[in-house]
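**Q** next comes the sequence, and after it the predicted model I'd like to discuss.
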Amino acid sequence: MKALRDVFGDTLVSLALTNPNVLVLDADLANSTKADKFAKAYPERFLQMGIAEQNCVGVAVGLASLGFVPWLSSFTVFFTHRAIDPVRMLVAQTHANVKIGAAYAGLLTGLTGKTHQDVQDLAIMRAMPDMTVLAPADAIEGEAIIRWATDYDGPVFVRLARDASRDIFEDQYRFVPGKTISLRTGSDVLIISTGPQSARCLQAAESLQNEGISAGVLHVPSIKPVNKEEIVAASERVKLVVTVEEHSIYGGLGGLVAEILSEASPRRVIRFGIEDRWGESAPNDYLLETFQMSPPRLNERIQKLFAKSP
Amino acid sequence: MSSRTDYQELEGLARKGRWLAISTVAGSGAGHVGGPFSAMDILVALYFRVMKIRSDDPKWPERDRFILSKGHSSIGQYAVMALRGFLPVEELKTFDKGGSRLQGHPDVTRLPGLETSTGSLGQGLSVGLGIALGARMRGQKFHTFVMIGDGELQEGMIWEALHIAPRYKLGNLTAILDWNGLQQFGWVLAMNETHRGDRRDPWSGTDLRGVFEKLGWHCTEIDGHDFSQIVPALESAKASGDSERPTLIIAHTIKGKGVQFTEGKHEWHSKVATDEELRTVAKELGIQEMAV
């Protein structure tokens, strides 16, 4: 188990060794995002931009025009809310080769509360043409995605949770944009999830076995692009589809799945996530209980749903 | 060929540029006039005298860079780029029409010769800063120019860049403030108040030069319509590319400059000239052919 922010710092250090164009631009949060590891290893390629995220995004665009591969280091909320206009016009609209390391994504942000929790980022970034939107689940997938994003020519938003989560993948894991990953097959319920929440869903699915419910888990690390056919095919094999995300139930993964299925294979889709409310400052366990996304709460909710499901 | 201090050629080009801008806007049925006119002389000086550029090789790595951060003055830039050979003058007719390389606001994905897209205000200086910083890291010697507007200077993001550029000692970056004293709508003049426009100057009473200098910029002030001041100021900024301070040229300009009935009138920020008005413009600018 390794926190995704440590993966961020370590992978960039490792990449910099072979790719001289990799730079890091920090909006004064490097010791939180762990970009400080890069600052220590490559001080001349670490550019402190101060607490000024909009300018930070613009500077990265200028650097990218000269062939550099700038990675941005700040909290997700500051990219998708404060600096969204330069992200929109300068990065996405010009297909600039800028990589957004969106740290502290989702609800579990280390006691920072609703001001720093971003549970709208997927909805916002997914609606943006030219943007690739990725959400790794664990350390192995996180490293693979950061490496893939660095090699890809174009803007990428990488949603990085703050803390460690259960390891899911093996060393030979290979990231393929758009591809979904079946973590477990089941004939009754399909749980579709993304980011580290997929690990919690896997745990819930395993425990549902004891209740006589066969639950599968489909992990979606690539929110955009996404392989629609795989989501349709997996959904057609079960009686009930449930999406779970550490994000608003509006417009994120749940919205994505509902959009795809309503067009291609209409069926009931239940969306679990943050309903129409803000988060709060609290330990991770408290938040997962409150928002009913811990493995035991998921188990209960899915049991209830399945009992009622026609 | 004109001498370095003979600016008649540039003055002629600026008149043509103004004509192309206002007549193109009239042909398209929408667009800006006041801003392109206040910026025109500086644009002509940059493209025809100061910048090292190749119209037949717009991606030439050693080219000087220019970003029009006040992107709504795009037609001014397109007109000058057309005169300089980056695109056929004929193509100006496609401005703002579907499928055109000449979008309402500059689109780097469509028109070679642009460095980034602008239009949502306040963002161009940051990109210029990134280019200048990258040039220093790569050891490249070209210069980066960014034109910002005085209304645009109200955007917070510009002040983020104004703070950071001196920190990185970017002498290879020059910002040009087109201080024309008018924004789209702005504030009404108070009783007995006189500004050079018919509305209040956005920065009236503010010592911008003092502010820029305190932030660490090398600051000069020029009449933005006098080539004998524009060209030396731009060339001097470029010559100090190895210095440790970015340059900020405050260009005092007049919105709508060059045609009597558009000068200092905020309504000409964005307005379409009638045929009658175009005849007057052509006469004032000494344009023979009215064909647009």
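**A** Yep, that arrived.
**Q** quick check: which ranges of the stretch 151-292 of chain B have low pLDDT?
**A** B:289-292 (pLDDT under 70).
**Q** residue in it nearest to chain A?
**A** residue B:160 (3.5 Å; C-beta to the nearest C-beta). C-beta here means a position set from N, CA and C on the backbone, and glycine is covered the same way.
**Q** contact partners for that residue?
**A** Under the criterion of C-beta atoms under 8 Å, 6 or more residues apart in numbering or on different chains, the neighbours of residue B:160 are A:50, A:52, A:54, A:55, A:56, B:126.
**Q** in terms of helices and strands, where is the residue nearest the centre of chain B?
**A** Note on chain B: the residue nearest the mean C-alpha position is residue B:39, at 4.1 Å, using C-alpha atoms, centre = their mean. Using DSSP states H and E, the secondary-structure element containing residue B:39 is helix B:34-45.
**Q** buried set for that helix?
**A** By neighbour count, with 16 or more other C-beta atoms under 10 Å in any protein chain shown as the criterion, the buried positions of helix B:34-45 are B:34, B:35, B:36, B:37, B:38, B:39, B:40, B:41, B:42, B:43, B:44, B:45.
**Q** neighbouring strands for the following helix or strand past it, and are they parallel or not?
**A** Reading on from helix B:34-45 to the C-terminus, the next helix or strand found by DSSP H and E is strand B:65-68. The pairing partners recorded for strand B:65-68 under DSSP bridges are strand B:144-149 (parallel).
**Q** immediately after the strand it pairs with, which helix or strand?
**A** Once the chain leaves strand B:144-149, the following helix or strand, as judged by DSSP H and E, is helix B:156-167.
**Q** do you have the helices of the stretch 1-150 of chain B handy? List them.
**A** With DSSP state H, counting those that start in this stretch, the ranges of helices along the stretch 1-150 of chain B come out as B:8-28, B:34-45, B:74-83, B:124-138.
**Q** looking at those, which is buried most?
**A** Most buried of the helices of the stretch 1-150 of chain B by mean neighbour count (mean count of other C-beta atoms under 10 Å in any protein chain shown) is helix B:34-45; its value is a mean of 29.
**Q** what angle sits between that one and helix B:74-83?
**A** 30 degrees (axes from the mean of the first three to the mean of the last three C-alpha atoms, to 10 degrees).
**Q** quick one: mean pLDDT over helix B:34-45.
**A** For helix B:34-45, the per-residue pLDDT values average out at 98.
**Q** go on, stretch A:41-58?
**A** Mean pLDDT, computed over stretch A:41-58, is 98.
**Q** which of the buried residues of helix B:34-45 sits closest to chain A?
**A** Looking at those and their distance to chain A, the nearest is residue B:35, at 18.4 Å (C-beta to the nearest C-beta).
**Q** which residues touch that closest one?
**A** By C-beta under 8 Å, 6+ apart, the residues touching residue B:35 are B:70, B:72, B:73, B:76, B:149, B:178, B:180, B:255, B:269.
**Q** the last one touches residue B:32, doesn't it?
**A** This means residue B:269. Yes. Between residue B:269 and residue B:32 a contact is recorded at 6.4 Å, counting by C-beta atoms under 8 Å.
**Q** residue A:213: which of the helices of the stretch 1-150 of chain B is closest?
**A** Set against residue A:213 and scored by C-beta to C-beta, the helices of the stretch 1-150 of chain B come closest in helix B:124-138, at 52.9 Å.
**Q** what does the stretch 51-200 of chain B put close to chain A?
**A** B:107-109, B:115-120, B:122-135, B:137-138, B:140, B:156-157, B:160-161, B:163-164, B:167 (C-beta under 8 Å from any C-beta of the partner chain).
**Q** swap in 7 Å and give it another go.
**A** Taking C-beta under 7 Å from any C-beta of the partner chain as the criterion, the stretch 51-200 of chain B approaches chain A at residues B:108-109, B:115-117, B:119-120, B:123, B:126-131, B:133-135, B:138, B:157, B:160-161, B:164.
**Q** all strands for the stretch 1-150 of chain A, in order.
**A** Assigned strands in the stretch 1-150 of chain A, in chain order: A:22-26, A:46-48, A:69-75, A:99-103, A:132-134 (criterion: DSSP state E, counting those that start in this stretch).
**Q** could you give the average pLDDT over the longest one?
**A** Mean pLDDT, strand A:69-75: 98.
**Q** next one: the last one
**A** On average, the pLDDT along strand A:132-134 is 98.
**Q** so what strands line up beside that strand?
**A** Partners of strand A:132-134 in the sheet, by DSSP bridges, are strand A:156-159 (parallel), strand A:222-224 (antiparallel).
**Q** now the second one
**A** Looking at strand A:46-48 with DSSP bridges, its paired strands and their directions are strand A:22-26 (parallel).
**Q** so what touches the strand it pairs with?
**A** A:12, A:15-16, A:35, A:38, A:45-49, A:56, A:59-60, A:63, A:68-73, A:150 (C-beta atoms under 7 Å, 6 or more residues apart in numbering or on different chains).
**Q** how about 6 Å then?
**A** The set of residues external to strand A:22-26 that reach it, using C-beta atoms under 6 Å, 6 or more residues apart in numbering or on different chains, is A:15-16, A:35, A:38, A:45-49, A:56, A:60, A:68-73.
**Q** show me the helices in chain A, by range?
**A** The residue ranges that make up the helices of chain A, judged by DSSP state H, are A:4-18, A:30-33, A:36-41, A:53-64, A:76-77, A:84-86, A:121-126, A:139-151, A:197-208, A:228-236, A:253-264, A:284-290, A:295-308.
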